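Asks: Can you look at this prediction? I've put the sequence above it.
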Amino acid sequence: DAEITQSPRHKITETGRQVTLACHQTWNHNNMFWYRQDLGHGLRLIHYSYGVQDTNKGEVSDGYSVSRSNTEDLPLTLESAASSQTSVYFCASSDGAGNTIYFGEGSWLTVV
Amino acid sequence: QKEVEQDPGPLSVPEGAIVSLNCTYSNSAFQYFMWYRQYSRKGPELLMYTYSSGNKEDGRFTAQVDKSSKYISLFIRDSQPSDSATYLCAMSGASGGGADGLTFGKGTHLIIQP
(Lines give C-alpha, C1' and ligand atoms only; values in the text may rest on other atoms or scores of the structure.)
Protein backbone atom coordinates (compact mmCIF):
# COMPACT_ATOMS: atom_id res chain seq x y z
CA ASP A 1 0.00 0.00 0.00
CA ALA A 2 1.10 3.55 -0.71
CA GLU A 3 2.11 5.50 2.35
CA ILE A 4 3.94 8.47 3.77
CA THR A 5 6.75 7.84 6.25
CA GLN A 6 8.68 10.19 8.48
CA SER A 7 12.02 9.70 10.19
CA PRO A 8 13.22 9.94 12.81
CA ARG A 9 10.04 9.52 14.84
CA HIS A 10 11.71 10.91 17.95
CA LYS A 11 14.82 13.07 18.27
CA ILE A 12 16.51 15.09 20.98
CA THR A 13 19.05 17.66 19.84
CA GLU A 14 20.99 20.58 21.27
CA THR A 15 20.44 24.25 20.61
CA GLY A 16 22.35 25.44 17.56
CA ARG A 17 22.66 22.08 15.84
CA GLN A 18 21.37 21.43 12.34
CA VAL A 19 18.58 18.88 12.19
CA THR A 20 16.93 17.24 9.19
CA LEU A 21 13.57 15.47 9.31
CA ALA A 22 12.90 13.13 6.42
CA CYS A 23 9.58 12.63 4.64
CA HIS A 24 9.01 10.00 1.96
CA GLN A 25 5.74 9.28 0.14
CA THR A 26 4.96 6.49 -2.29
CA TRP A 27 1.74 7.91 -3.75
CA ASN A 28 3.58 9.85 -6.45
CA HIS A 29 1.83 13.01 -5.21
CA ASN A 30 2.97 16.35 -6.55
CA ASN A 31 2.01 18.37 -3.47
CA MET A 32 3.88 17.95 -0.19
CA PHE A 33 3.60 19.92 3.03
CA TRP A 34 5.28 20.28 6.40
CA TYR A 35 3.27 21.30 9.45
CA ARG A 36 4.13 21.73 13.10
CA GLN A 37 1.61 21.07 15.85
CA ASP A 38 1.79 22.80 19.20
CA LEU A 39 -0.59 22.98 22.15
CA GLY A 40 -2.68 26.11 21.84
CA HIS A 41 -1.73 26.69 18.21
CA GLY A 42 -2.95 23.65 16.35
CA LEU A 43 -1.35 22.72 13.02
CA ARG A 44 0.62 25.44 11.28
CA LEU A 45 2.11 25.28 7.80
CA ILE A 46 5.90 25.59 7.59
CA HIS A 47 6.73 24.94 3.93
CA TYR A 48 5.07 23.36 0.93
CA SER A 49 6.01 22.14 -2.55
CA TYR A 50 3.99 21.67 -5.72
CA GLY A 51 6.59 19.56 -7.48
CA VAL A 52 10.27 18.92 -8.09
CA GLN A 53 12.40 22.04 -7.59
CA ASP A 54 9.39 23.97 -6.28
CA THR A 55 9.32 25.16 -2.65
CA ASN A 56 7.24 27.82 -0.90
CA LYS A 57 7.14 29.39 2.54
CA GLY A 58 4.18 28.86 4.81
CA GLU A 59 2.93 30.66 7.88
CA VAL A 60 5.87 29.79 10.19
CA SER A 61 8.87 29.27 7.88
CA ASP A 62 11.56 31.23 9.79
CA GLY A 63 14.41 28.94 10.79
CA TYR A 64 13.33 26.13 8.45
CA SER A 65 14.19 25.15 4.90
CA VAL A 66 13.11 22.42 2.48
CA SER A 67 14.33 21.08 -0.84
CA ARG A 68 12.53 18.95 -3.45
CA SER A 69 14.91 17.03 -5.67
CA ASN A 70 12.44 14.26 -6.54
CA THR A 71 8.71 13.57 -6.28
CA GLU A 72 8.91 11.22 -3.27
CA ASP A 73 10.91 13.23 -0.74
CA LEU A 74 10.64 16.58 1.04
CA PRO A 75 13.21 16.83 3.85
CA LEU A 76 12.78 19.59 6.41
CA THR A 77 15.96 21.19 7.77
CA LEU A 78 16.31 23.25 10.92
CA GLU A 79 19.45 25.27 10.20
CA SER A 80 20.24 26.11 13.84
CA ALA A 81 17.81 24.45 16.22
CA ALA A 82 16.17 26.62 18.87
CA SER A 83 14.13 25.63 21.93
CA SER A 84 11.10 27.29 20.30
CA GLN A 85 11.29 24.61 17.62
CA THR A 86 10.50 21.84 20.08
CA SER A 87 7.32 20.47 18.55
CA VAL A 88 5.64 17.64 16.68
CA TYR A 89 6.23 17.83 12.94
CA PHE A 90 3.87 16.33 10.37
CA CYS A 91 4.55 15.80 6.71
CA ALA A 92 1.59 15.55 4.34
CA SER A 93 0.95 15.05 0.65
CA SER A 94 -1.86 15.38 -1.89
CA ASP A 95 -2.29 14.90 -5.61
CA GLY A 96 -3.73 18.38 -6.08
CA ALA A 97 -6.93 17.12 -7.67
CA GLY A 98 -9.19 17.83 -4.71
CA ASN A 99 -8.58 14.46 -3.15
CA THR A 100 -7.39 13.41 0.29
CA ILE A 101 -4.41 15.03 1.96
CA TYR A 102 -2.50 12.26 3.72
CA PHE A 103 -0.46 12.82 6.86
CA GLY A 104 2.54 10.97 8.18
CA GLU A 105 2.74 9.67 11.73
CA GLY A 106 4.75 12.63 13.00
CA SER A 107 8.24 13.37 14.23
CA TRP A 108 8.66 14.43 17.85
CA LEU A 109 11.57 16.88 18.15
CA THR A 110 12.97 18.17 21.43
CA VAL A 111 15.60 20.92 21.41
CA VAL A 112 17.49 21.24 24.70
CA GLN B 1 -9.56 37.44 14.78
CA LYS B 2 -8.35 33.92 14.02
CA GLU B 3 -9.22 32.54 10.61
CA VAL B 4 -10.73 29.37 12.04
CA GLU B 5 -12.25 29.06 15.49
CA GLN B 6 -12.88 25.72 17.17
CA ASP B 7 -13.75 25.02 20.78
CA PRO B 8 -10.88 22.93 22.24
CA GLY B 9 -13.09 21.10 24.72
CA PRO B 10 -12.72 18.60 26.22
CA LEU B 11 -16.20 17.47 25.26
CA SER B 12 -17.33 14.45 27.24
CA VAL B 13 -20.50 12.53 26.32
CA PRO B 14 -21.91 9.08 27.17
CA GLU B 15 -21.66 6.23 24.70
CA GLY B 16 -24.51 6.23 22.19
CA ALA B 17 -25.06 9.99 22.29
CA ILE B 18 -25.11 12.24 19.25
CA VAL B 19 -22.04 14.44 19.14
CA SER B 20 -21.92 17.84 17.49
CA LEU B 21 -18.57 19.44 16.68
CA ASN B 22 -18.35 22.89 15.12
CA CYS B 23 -16.03 25.43 13.54
CA THR B 24 -16.50 29.00 12.43
CA TYR B 25 -14.31 30.80 9.94
CA SER B 26 -13.81 34.29 8.60
CA ASN B 27 -12.24 33.79 5.15
CA SER B 28 -15.00 33.76 2.52
CA ALA B 29 -12.55 32.29 -0.02
CA PHE B 30 -12.66 28.90 1.69
CA GLN B 31 -14.49 26.39 -0.49
CA TYR B 32 -13.15 23.00 0.61
CA PHE B 33 -13.94 21.80 4.10
CA MET B 34 -12.57 18.79 5.88
CA TRP B 35 -12.75 17.02 9.20
CA TYR B 36 -9.77 15.08 10.46
CA ARG B 37 -9.59 12.69 13.41
CA GLN B 38 -6.37 12.48 15.37
CA TYR B 39 -5.68 9.83 17.96
CA SER B 40 -3.05 10.48 20.61
CA ARG B 41 0.50 10.45 19.20
CA LYS B 42 -0.75 9.75 15.67
CA GLY B 43 -1.09 11.77 12.49
CA PRO B 44 -4.45 13.27 11.47
CA GLU B 45 -6.61 11.07 9.25
CA LEU B 46 -9.30 12.39 6.95
CA LEU B 47 -12.89 11.67 7.99
CA MET B 48 -15.02 13.87 5.76
CA TYR B 49 -14.42 16.09 2.73
CA THR B 50 -17.00 18.58 1.47
CA TYR B 51 -16.97 21.10 -1.32
CA SER B 52 -18.99 24.31 -0.86
CA SER B 53 -22.26 24.26 1.09
CA GLY B 54 -24.47 21.32 1.92
CA ASN B 55 -24.49 18.04 3.78
CA LYS B 56 -22.49 14.87 3.33
CA GLU B 57 -23.11 11.61 5.13
CA ASP B 58 -20.77 8.66 5.63
CA GLY B 59 -21.97 5.97 7.99
CA ARG B 60 -22.35 7.46 11.47
CA PHE B 61 -20.74 10.75 10.39
CA THR B 62 -22.47 13.75 8.82
CA ALA B 63 -20.71 16.92 7.76
CA GLN B 64 -22.60 20.17 7.22
CA VAL B 65 -21.35 23.38 5.65
CA ASP B 66 -23.20 26.69 5.80
CA LYS B 67 -21.11 29.16 3.82
CA SER B 68 -23.57 32.01 4.37
CA SER B 69 -22.93 31.74 8.12
CA LYS B 70 -19.28 30.62 7.73
CA TYR B 71 -20.07 27.65 9.96
CA ILE B 72 -19.30 23.96 9.59
CA SER B 73 -20.36 21.01 11.71
CA LEU B 74 -19.59 17.34 12.17
CA PHE B 75 -22.22 15.08 13.70
CA ILE B 76 -21.42 11.64 15.07
CA ARG B 77 -24.39 9.35 15.68
CA ASP B 78 -24.35 6.40 18.08
CA SER B 79 -20.99 7.53 19.46
CA GLN B 80 -18.53 4.80 20.51
CA PRO B 81 -15.57 4.86 22.91
CA SER B 82 -13.36 4.34 19.83
CA ASP B 83 -14.52 7.77 18.63
CA SER B 84 -12.57 9.35 21.49
CA ALA B 85 -9.95 11.50 19.77
CA THR B 86 -9.19 15.06 18.79
CA TYR B 87 -11.24 16.30 15.83
CA LEU B 88 -9.74 18.97 13.63
CA CYS B 89 -11.63 21.02 11.12
CA ALA B 90 -9.65 22.20 8.10
CA MET B 91 -10.41 24.32 5.09
CA SER B 92 -8.86 25.59 1.91
CA GLY B 93 -9.58 27.96 -0.92
CA ALA B 94 -8.36 25.48 -3.52
CA SER B 95 -8.38 21.73 -4.04
CA GLY B 96 -5.58 19.46 -2.84
CA GLY B 97 -4.55 21.89 -0.15
CA GLY B 98 -4.10 24.79 -2.49
CA ALA B 99 -1.54 27.57 -2.41
CA ASP B 100 -1.23 27.64 1.37
CA GLY B 101 -2.06 24.08 2.32
CA LEU B 102 -4.91 23.76 4.76
CA THR B 103 -5.96 26.13 7.52
CA PHE B 104 -6.79 24.13 10.61
CA GLY B 105 -8.85 24.74 13.70
CA LYS B 106 -7.05 23.94 16.94
CA GLY B 107 -9.07 20.78 17.43
CA THR B 108 -11.75 19.59 19.85
CA HIS B 109 -10.81 16.82 22.27
CA LEU B 110 -13.75 14.38 22.41
CA ILE B 111 -14.23 11.78 25.13
CA ILE B 112 -16.90 9.09 24.80
CA GLN B 113 -17.66 7.58 28.18
CA PRO B 114 -18.48 3.83 28.13
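Replies: Perfect, I can see it now.
Asks: Phi first, then psi, for the residue nearest the centre of chain A.
Replies: When chain A is reduced to its mean C-alpha position, the closest residue under CA atoms, centre = their mean turns out to be A:Trp34, at 3.1 Å. Backbone geometry at A:Trp34, expressed as degrees, to the nearest 10, gives phi -120, psi 130.
Asks: Close to chain B: what parts of chain A are there?
Replies: Chain A has residues A:31, A:33, A:35, A:40-45, A:48, A:56, A:58-59, A:90, A:92, A:94-106 near chain B, with proximity defined as CB under 8 Å from any CB of the partner chain. Where C-beta positions appear, they are placed from N, C-alpha and C, glycine not excepted.
Asks: Just the buried subset of the residues you listed, please.
Replies: Among the residues of chain A next to chain B, those classed as buried by 16 or more other CB atoms under 10 Å in any protein chain shown are A:31, A:33, A:35, A:42-45, A:48, A:58, A:90, A:92, A:94-96, A:98, A:100-104, A:106.
Asks: The lowest-mean-pLDDT helix or strand in chain B - contacts with which helices or strands?
Replies: Using mean pLDDT, DSSP states H and E, the weakest-scoring helix or strand in chain B turns out to be strand B:103-104, at a mean of 88. Judged by 3 or more CB pairs under 8 Å, 6 or more residues apart in numbering or on different chains; DSSP states H and E, strand B:103-104 is in contact with strand A:42-51, strand B:85-92.
Asks: contacts for that strand?
Replies: A:42-44, B:3-4, B:25, B:27, B:30, B:36, B:88-92 (CB atoms under 8 Å, 6 or more residues apart in numbering or on different chains).
Asks: Closest one of these to B:Ser82?
Replies: Within the contacts of strand B:103-104, the smallest distance to B:Ser82 is 16.0 Å, found for B:Tyr36 (CB to CB).
Asks: what is that closest one paired to in the beta sheet?
Replies: Note on B:Tyr36: beta-bridge partners by DSSP bridges are B:Leu46, B:Leu88.
Asks: Ok, B:Ser92 next?
Replies: Going by DSSP bridges, B:Ser92 is paired in beta bridges with B:Tyr32.
Asks: Neighbours of it, how many?
Replies: By other CB atoms under 10 Å in any protein chain shown, the residues close to B:Ser92 number 23.
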